[in-house]
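# Quick one: sequence and predicted model below, then my questions.
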Amino acid sequence: MNWYLKFIFNSSQVRIQLTETESHFPEILSLLIYDGEMPVDPIQDLTHDHADLNRRALELAGLLQQLQRASGSPRDLLEPLIEFRELLFLHFAREEEGLFPFVSSAVPALEPMIHTMASGHDAICGGLARMIHVATIGGDIATVMGVFERFEQTYAEHARSEASLLASVALALTSEQRHELAALVAGL
Ligand SMILES: [Fe+2]
Ligand SMILES: [Fe+2]
């Protein structure tokens with residue numbers, strides 16, 4: 001079966017045929033499209049991180065599908081999973097040590113959202129840790145796929161909520177605060 005993505009661009013309807021991986025993981029695909037609409041200033045670095053992380057999540061999904069089809073070993077996923085984990089940990093640190101405390105203090109009304117974001121990080125790390133464990137012990141590829149499917153949902157929900165948070169932050173901060181935040185995030 002062929003899957004297509006239809007959207008309106010410059011008042012014209014565009015139709016793009018999706019790859020098999022893209023059609024199986026629409027949540028991550030929707031993030032790649034959404035990336036283009038995210039605010040770029042003052043937290044440009046963070047939004048760049050998101051675009052890169054989302055692409056890697058989709059690549060991981062593709063590799064996982066290939067291995068499942070070829071009855072491959074989850075050990076082949078170990079390296080890309082660890083690489084993904086390191087990038088995610090760095091990104092989460094930039095948010096939890098830079099963005100989140102800054103926003104909580106500058107815009108207290110956003111504090112409940114910040115708590116939800118931090119809990120989302122823990123859930124994402126939990127899914128990744130489980131996939132890395134199964135890959136390390138050479139377990140069942142179907143187990144990794146099961147964890148990945150739940151991971152995808154959590155990851156996509158988190159990315160969407162965070163895009164909305166970043167949009168609120170971008171609107172709420174003064175230009176002085178934007179500079180201060182940019183310097184803080186760049187240093188992490
Ligand atoms: Fe993020
Ligand atoms: Fe985050």
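Sure, I can see it. Ligands and ions are numbered 1, 2, ... in the order given.
# Please make it C-alpha for all contacts and neighbour counts, starting now.
Fine.
# And the helix or strand hosting residue 149, what does it pack against?
In this assignment (DSSP states H and E), residue 149 forms part of helix 141-172. Counting contacts by 3 or more Cα pairs under 8 Å, 6 or more residues apart in numbering; DSSP states H and E, helix 141-172 is packed against helix 26-35, helix 44-69, helix 111-136.
# helices and strands around the second one, which ones?
In other words, helix 44-69. Counting contacts by 3+ Cα pairs under 8 Å, 6+ apart, helix 44-69 is packed against helix 20-24, helix 26-35, helix 78-94, helix 141-172.
# Which one of those helices lies nearest to residue 130?
Of all these, it is helix 141-172 that lies closest to residue 130, at 7.4 Å by Cα to Cα.
# what about that closest one, distance to the chain center?
How far helix 141-172 lies from its chain's middle: 5 Å, per Cα atoms, centre = their mean, to the nearest Å.
# Quick check: buried residues in it?
141, 144-145, 147-148, 151-163, 165-167, 169-170 (16 or more other Cα atoms under 10 Å).
# re the thing from before, okay if I get the helices and strands packed on helix 141-172 as CSV plus mean neighbour count?
Formatted as CSV, the helices and strands packed on helix 141-172 follow (neighbours: other Cα atoms under 10 Å):
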stretch, mean neighbour count
helix 26-35, 18
helix 44-69, 17
helix 111-136, 17
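# Among those, which comes closest to residue 174?
Of all the helices and strands packed on helix 141-172, helix 44-69 sits nearest to residue 174, with 16.0 Å by Cα to Cα.
# what pLDDT, on average, does the closest one get?
The predicted model assigns helix 44-69 a mean pLDDT of 86.
# Now do that helix against helix 78-94, angle only.
160 degrees (axes from the mean of the first three to the mean of the last three Cα atoms, to 10 degrees).
# how close does residue 80 sit to residue 137?
For residue 80, the distance to residue 137 equals 16 Å [Cα to Cα, to the nearest Å].
# higher neighbour count, those two?
Set residue 80 next to residue 137 and count neighbours by other Cα atoms under 10 Å: residue 80 wins out with 16 against 11.
# which non-adjacent residue is nearest the more buried one?
Leaving aside its chain neighbours, residue 80 sits nearest to residue 60 (7.2 Å; criterion: Cα to Cα, 6 or more residues apart in numbering).
# Output the below-cut-off pLDDT ranges for the protein.
Low-confidence segments of the chain (pLDDT under 70): 4-15, 27-45, 47, 186-188.
# so residue 74 touches residue 133, yeah?
No: if you go by Cα atoms under 8 Å, residue 74 and residue 133 don't touch, sitting 9.9 Å apart.
# What distance do you get for the nearest residue to residue 84 once chain neighbours are set aside to residue 171?
Leaving aside its sequence neighbours, residue 84 sits nearest to residue 56 (Cα to Cα, 6+ apart; 7.1 Å). The spacing between residue 56 and residue 171, counted by Cα to Cα, is 29 Å.
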